[in-house]
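Visitor: Fold the following and give me the result.
(one chain, ligands or ions: 2)
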Amino acid sequence: MAQPPLQPVRGTRDLIGEEFRRHRAVIETARRISALYGFEEWATPIFEDTRVFARGLGDTSDVVMKEMYTFTDRGGDSITLRPEMTASVCRALVSNSLVQSGLPRKVFYAGPMFRYERPQKGRYRQFHQIGVEVLGAAEPLADAEVIACGWHILQALGVAAGTVLELNTLGDAPSRAAYRAALVAYFSAHRDRLSADSRARLERNPLRILDSKDEGDRRLIADAPTIHDYLTPEAAAFYAAVKRHLDRFGVPYRDNPRIVRGLDYYNHTAFEFVTDRLGAQGTVMAGGRYDGLVEEMGGPPTPAVGWAAGVERLALLLPQAPEAPRPVAVVPVGEAQEGPALDLVQSLRRAGIAAEIAYRGNLRRRMERANRIRARVALILGEEEIAQGVVQLRDLDAGTQERVPLGEVIGRLA
Ligand code: ATP
Ligand code: MG
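Guide: Ligands and ions are numbered 1, 2, ... in the order given. Purely as a prediction, here's the structure:
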C-alpha cells in the first residue's frame with residue numbers, strides 16, 4: 001500500500017538547488033574573508049551537556065527558558081542541541097586546555113543551530129549561523145576588528161547597502177549595577193503595563209526587558225533611561241575607543257541604546273547589523289563582548305568578543321543567486337562509443353573540468369540530457385571521430401560546431 005509522503009519537521013527545511021547555492025555562498029564568503037583577518041575555523045559537536053547553554057546563556061534568557069531542544073539520552077544525561085555556538089567555543093577552549101597560552105585565539109565557525117521558535121520567514125527551528133570569536137583579548141581594538149570583519153563579509157556578500165550597524169555599550173560591572181537600579185525603578189513604576197514575561201525579568205534580569213518584542217513593552221522601553229547616563233569613566237573610554245577604531249576601519253554605525261543582546265554574558269560592546277528588508281527578522285548579524293563566559297565553562301577569567309550571523313537571512317538578501325556550474329557533456333553517438341567517451345569524461349575531470357556523460361540513449365536523448373544539465377559544451381564522439389582521433393565540439397550557447405583533435409580538447413576548454 002502506498003505510504004503518505006513524509007514531510008520535514010515543522011521549522012526545518014531542505015536546501016536544494018538555488019537555495020543551497022545561496023547558503024553555500026554565504027558560508028564560503030564568510031570563511032574566506034574571516035581567514036583574511038586571521039580567524040581559524042573550528043567545529044564543535046552539535047549537541048552538548050545542557051549545562052553548557054544553561055550556564056552560558058543564563059537561565060533568564062528566552063533561549064534557555066523557551067527555545068532549547070533538550071532531552072535525556074539513553075544513558076540518562078541531559079543533552080541540548082546547540083542553540084548557538086559561542087558557549088560551545090568557550091567550552092571547547094577550556095576542554096582542550098587552550099586557555100593557558102596562545103591567546104588571543106581567533107575562531108570562525110559555521111553550522112546548524114536549533115531553537116524551538118515559532119517558524120516564519122527568516123526564523124526556523126533548525127537554522128544556520130556563521131560566527132567569529134576573539135578569545136583572550138580585552139582591548140577595544142578586538143571589538144572593532146570583529147565588527148570590521150563582519151562588515152567586510154556583508155560588503156563581500158553585496159548586502160551592506162540597506163544594512164546599518166546599531167552600536168551600544170553595556171558598560172562594566174559598576175555601570176551595569178547603577179543602570180540596573182535605574183531600570184528597576186523605572187519599570188517598577190509601570191509594572192502593571194509590562195508583559196508577564198517582562199514582569200518576571202524585572203526581578204531577575206531587568207536589562208532583558210529592553211530586548212522584549214512585546215508591543216506594550218516596546219512603548220515603555222522607548223522612554224526608559226539609557227545606560228549612557230550611568231557609564232563609569234572607564235566604560236565610557238572603552239566605548240569611545242571602539243568607535244575611534246571603527247572610524248579608522250571605515251565602518252559606519254549608529255548609536256542605539258536599546259541594543260542589549262538576548263544573552264546574559266555580554267558586557268561593554270553590544271551590536272547588531274540590521275536590514276530594513278526582512279521585517280521583524282531584520283537582524284542579520286549580532287554580537288558583543290562577553291568577558292565572563294569562559295569562566296562559566298570552568299576556565300580562568302578570559303575576556304572575549306564576537307558575533308554570529310544568520311545564514312538563512314543573509315542568503316535571502318543576496319542580490320543574486322550564484323549560478324549553477326555548467327559542465328561539459330560528453331556525448332557518445334551510440335553504445336559502441338561509450339568506452340572512448342568514458343576515457344574522455346574522466347580525463348576532463350582529472351584536468352579539473354566538470355564533465356558528465358548520460359548513462360544511456362541515442363544521440364538525440366543524450367543531447368537532450370546535455371541541454372537539461374545546462375552544459376556549455378557538448379563533445380560528440382561518433383565512430384568516424386574516434387577513428388580519426390577527434391571530437392565534435394559543439395558550443396551549446398552559440399550553436400557552432402567544429403572538429404578538435406582529442407589532444408587539444410582540454411586546452412580548448414580550460
Ligand atoms: P532574534 O531577535 O531575531 O530572535 P536573537 O537575538 O535570538 O535574534 P542571536 O541569538 O543573536 O539572535 O543569533 C544571531 C543571529 O542568528 C540573528 O541575528 C539571526 O540572524 C540568526 N537567528 C537567530 N535565531 C534564528 C532563527 N530561529 N532562524 C533563523 N535565524 C536565526
Ligand atoms: Mg531569538
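Visitor: Would you map the strands across the stretch 1-150 of the chain?
Guide: Under the criterion DSSP state E, counting those that start in this stretch, the stretch 1-150 of the chain contains strands at 40-41, 47-49, 69-72, 78-81, 105-114, 126-135.
Visitor: which residue does the stretch 301-414 of the chain bring closest to ligand 1?
Guide: Using CB to the nearest ligand atom, the single residue of the stretch 301-414 of the chain nearest to ligand 1 is G310, 2.4 Å away. From N, CA and C alone the C-beta is placed, and that goes for glycine too.
Visitor: partners of that residue in the sheet?
Guide: Q129 (DSSP bridges).
Visitor: what is the mean pLDDT for stretch 253-263?
Guide: Mean per-residue pLDDT for stretch 253-263: 84.
Visitor: picking that back up, got JSON lines for the strands of the stretch 1-150 of the chain, with distance to A181 and mean neighbour count too?
Guide: As requested, those are arranged in JSON lines below (distance: least, CB to CB, whole Å; neighbours: other CB atoms under 10 Å):
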{"stretch": "strand 40-41", "distance to A181": "42", "mean neighbour count": "12"}
{"stretch": "strand 47-49", "distance to A181": "35", "mean neighbour count": "17"}
{"stretch": "strand 69-72", "distance to A181": "34", "mean neighbour count": "13"}
{"stretch": "strand 78-81", "distance to A181": "33", "mean neighbour count": "17"}
{"stretch": "strand 105-114", "distance to A181": "34", "mean neighbour count": "21"}
{"stretch": "strand 126-135", "distance to A181": "31", "mean neighbour count": "24"}
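Visitor: just so I know, which of the ones you listed lies nearest ligand 1?
Guide: Closest of the strands of the stretch 1-150 of the chain to ligand 1 is strand 126-135, at 3.4 Å (criterion: CB to the nearest ligand atom).
Visitor: quick check: angle from that closest one to strand 105-114?
Guide: Angle of strand 126-135 versus strand 105-114, following axes from the mean of the first three to the mean of the last three CA atoms, to 10 degrees, is 160 degrees.
Visitor: Who are the packing partners of strand 126-135?
Guide: Where contact means 3 or more CB pairs under 8 Å, 6 or more residues apart in numbering; DSSP states H and E, strand 126-135 is packed against helix 18-36, helix 86-95, strand 105-114, helix 140-157, strand 304-310, helix 311-317.
Visitor: With distance to R248 added, can I get these in CSV?
Guide: Formatted as CSV, these follow (distance: least, CB to CB, whole Å):
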stretch, distance to R248
helix 18-36, 17
helix 86-95, 26
strand 105-114, 19
helix 140-157, 8
strand 304-310, 17
helix 311-317, 26
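Visitor: if we can go back for a sec, now tabulate the strands of the stretch 1-150 of the chain in a markdown table and tack on distance to ligand 1 and mean pLDDT.
Guide: Listed next are the strands of the stretch 1-150 of the chain as a markdown table, based on distance: least, CB to the nearest ligand atom, whole Å; pLDDT from 0 to 100:
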| stretch | distance to ligand 1 | mean pLDDT |
| --- | --- | --- |
| strand 40-41 | 18 | 98 |
| strand 47-49 | 16 | 97 |
| strand 69-72 | 12 | 96 |
| strand 78-81 | 12 | 96 |
| strand 105-114 | 7 | 98 |
| strand 126-135 | 3 | 98 |
